[in-house]
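Novice: only geometry, no sequence info:
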């Protein structure tokens, strides 16, 4: 996804920090792939942290003035999948996949399809140019928390 599309997604939902959950529908599946990724809970694919370079600054500013595009893939037919930002981080980062705008939690509809994975365009809206972002990934009753380095590697001091 190009910087212009990322800026449009950002502008659509970044007037305020993330608040309510959003749901991504099956009509929002793209033909893209998530290359070089890691699989979580056998059902969710995220980019490896090294792939998430520094975000671009949005022209409209706001509380989350940076956007980094990042695709996500959900195993086709998987019910009850959600990705969220922990409560204490919601003023620093928001999720934006599909047409959800700025959300603290994104739920994915159960989609049938010809492929093994349903891929969605979108990404992260950030207050800083680089951060080590915690994501809670839930599939059914199981969840895990992972950290994604966006614009910086996790474990290093803040820039």
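Specialist: Noted; the coordinates are in hand. Remember, predicted model here, so these are calculated numbers, not experimental data.
Novice: how near is the residue most central in space within the chain to residue 79?
Specialist: Nearest to the centroid of the C-alpha atoms of the chain, with distances taken as CA atoms, centre = their mean, sits residue 123, at 4.1 Å. Distance, residue 123 to residue 79, using CB to CB, to the nearest Å: 24 Å. Heads up, the C-betas are built off the backbone N, CA and C, glycines and all.
Novice: just residue 94 next, same as before
Specialist: As judged by CB to CB, residue 94 and residue 79 stand 25 Å apart.
Novice: out of the two, which sits in the more crowded spot?
Specialist: residue 94 (31 against 10; other CB atoms under 10 Å).
Novice: Three-state assignment for the more buried one, please.
Specialist: Counting by DSSP: H, G, I helix; E, B strand; the rest coil, the backbone at residue 94 sits in strand.
Novice: can you pull the pLDDT of it?
Specialist: The per-residue pLDDT reported for residue 94 equals 93.
Novice: Let me know the distance separating the nearest residue in space to residue 75 that is not next to it in sequence from residue 138.
Specialist: Spatial nearest neighbour of residue 75, excluding adjacent residues (CB to CB, 6 or more residues apart in numbering): residue 43 at 4.3 Å. Using CB to CB, one gets 10 Å for the distance from residue 43 to residue 138.
Novice: for residue 112, same thing?
Specialist: Counting by CB to CB, the gap from residue 112 to residue 138 is 21 Å.
Novice: Also residue 56?
Specialist: According to CB to CB, residue 56 stands 29 Å off from residue 138.
Novice: what's the answer for residue 132, then?
Specialist: 20 Å.
Novice: Pretty sure residue 131 sits against residue 153.
Specialist: No - shown here, residue 131 and residue 153 do not form a contact pair, counting by CB atoms under 8 Å, at 11.0 Å.
Novice: higher neighbour count, these two?
Specialist: Comparing residue 131 with residue 153 by neighbour count (other CB under 10 Å), the higher total belongs to residue 131, at 24 against 13.
Novice: For the protein, which segments count as helices?
Specialist: For the chain, the helices defined by DSSP state H cover 3-13.
Novice: which stretches of it aren't confidently modelled?
Specialist: For the chain, applying pLDDT under 70 flags the ranges 1-20, 35-36, 49-51, 59-61, 114, 156-159.
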